[in-house]
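Participant: Provided below for reference: sequence and predicted model.
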Amino acid sequence: MEKLYAAPLEGLTGFVWRIAHRQVFGGADRYFTPFISPNANCSFQTREKRDITQNEENLIPQIITNNEEYFIWAAREFAELGYDEVNFNLGCPSGTVVSKGKGSGALRDLDKLDRMLDGIFEALPDMKISLKTRIGIESSNEWPAILQVYKRYPVSDLIIHPRTRRQMYKGEADRELFLDVLGSCPELPLVYNGDVWSSDDEAFEYGCGVMTGRGLLQHPSMLREVRGGEAASREELSIFHDLLIDGYRTYMPGELPLIKRMKEFWFYFSNSFEVSDKEIKRLYKSKNYAEYASAAEAIIRGCDLK
Ligand SMILES: Cc1cc2nc3c(=O)[nH]c(=O)nc-3n(C[C@H](O)[C@H](O)[C@H](O)COP(=O)(O)O)c2cc1C
């Protein structure tokens, strides 16, 4: 079986989600932290530190930066904590990130990217380094030159989300382009990422790794199913939900942030159920924990599973 990865989603797949997901559903060979952004202070934010110090197995920390030295500093800190692999975010399309030349913004100046990768791979000979990338900023015509840069380095995984930055999360992921790379570069450790919504997606037949993000949030048993396991049961979905609540409670300062976080989760999780507009609106409109819990319970206990 090829590698099956859970994608990082800022605000959604932090340690609470990952630990609950592993416990209830499993099926992912690796999880990735949402991006960690090292800076000149040479210290991680509390949230970042917490996310990488929960003794999770098969967790790869992800760095986003436009600065080689910051990358090397952060990767060495990860190594001190016991990690032997790090992932470089070259895909994030958000305006504030891209304007600083980070995420997919790093694809704008390929000479600089090349120099940065050169310095990073040189400085970290004992660390596995994987890349997660988009296929261009404005157009996929940029891709051949980007690929030429990546091919110079011994990347441990090249995870491709075949959209441009301009597309954000809209339009089609260019699976044809991905399959071209797969066919023409058999030496590359490729991982496909983008719009994998179910266990019968053809990506699982590509013969390379597959990473899924939003699809896994919607159907948390997806990767277990790919391995021949069962679809999520109602009981499992209920346990999973409660583990998230318990986990967020341990560090969130009160009811309202907790409910807000859970509503973000439900944006995807509601797709596990045949839920009516009325039921989901009730959940989104809840103003305190009691209202939230009652709305969530009604869906989890009452709605058919999809
Ligand atoms: C809300 C949100 C947050 C994301 N945060 C990250 C992130 O921190 N790091 C990253 O590499 N990708 C991030 N992504 C991109 C996903 O990892 C993934 O590449 C993208 O959603 C496409 O895959 P999917 O269709 O399977 O979700 C994020 C996507 C979304 C929608």
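Facilitator: Received, thanks. Because the structure is predicted, anything quoted here is derived from the model rather than measured.
Participant: just checking, Val210 touches Glu202?
Facilitator: No. Counting by CB atoms under 8 Å, Val210 sits too far from Glu202 to count as a contact (10.2 Å). (Glycine included, C-beta is placed from N, CA and C.)
Participant: neighbour count winner among the two?
Facilitator: Val210 (24 against 10; other CB atoms under 10 Å).
Participant: what sits against that one?
Facilitator: 2-5, 191-193, 196, 201, 203-204, 226 (CB atoms under 8 Å, 6 or more residues apart in numbering).
Participant: hmm, 7 Å instead?
Facilitator: 2, 4, 191-192, 196, 203-204 (CB atoms under 7 Å, 6 or more residues apart in numbering).
Participant: residues of the stretch 1-150 of the chain that sit close to the ligand?
Facilitator: Within the stretch 1-150 of the chain, the positions adjacent to the ligand are 7-10, 34-35, 62, 89, 91-92, 132 by CB under 6 Å from any ligand atom.
Participant: tell me the buried residues within those residues.
Facilitator: Among those, those scoring as buried are 7-9, 34-35, 62, 89, 91-92, 132 (criterion: 16 or more other CB atoms under 10 Å).
Participant: quickly find the element holding Met211.
Facilitator: For Met211, the host element (DSSP states H and E) is strand 209-212.
Participant: just how off-centre is that strand within its chain?
Facilitator: 10 Å (CA atoms, centre = their mean, to the nearest Å).
Participant: which strands border it, and is each parallel or antiparallel?
Facilitator: strand 4-6 (parallel), strand 190-193 (parallel) (DSSP bridges).
Participant: residues near Gln45, how many?
Facilitator: That count, for Gln45 with other CB under 10 Å as the rule, works out to 13.
Participant: roughly how far apart are it and Trp17?
Facilitator: 18 Å (CB to CB, to the nearest Å).
Participant: tell me the SS of the residue nearest to Arg108 when sequence neighbours are not counted?
Facilitator: Closest residue to Arg108 apart from its sequence neighbours, by CB to CB, 6 or more residues apart in numbering: Ile137 at 5.8 Å. State at Ile137, reduced to three classes by DSSP: H, G, I helix; E, B strand; the rest coil: coil.
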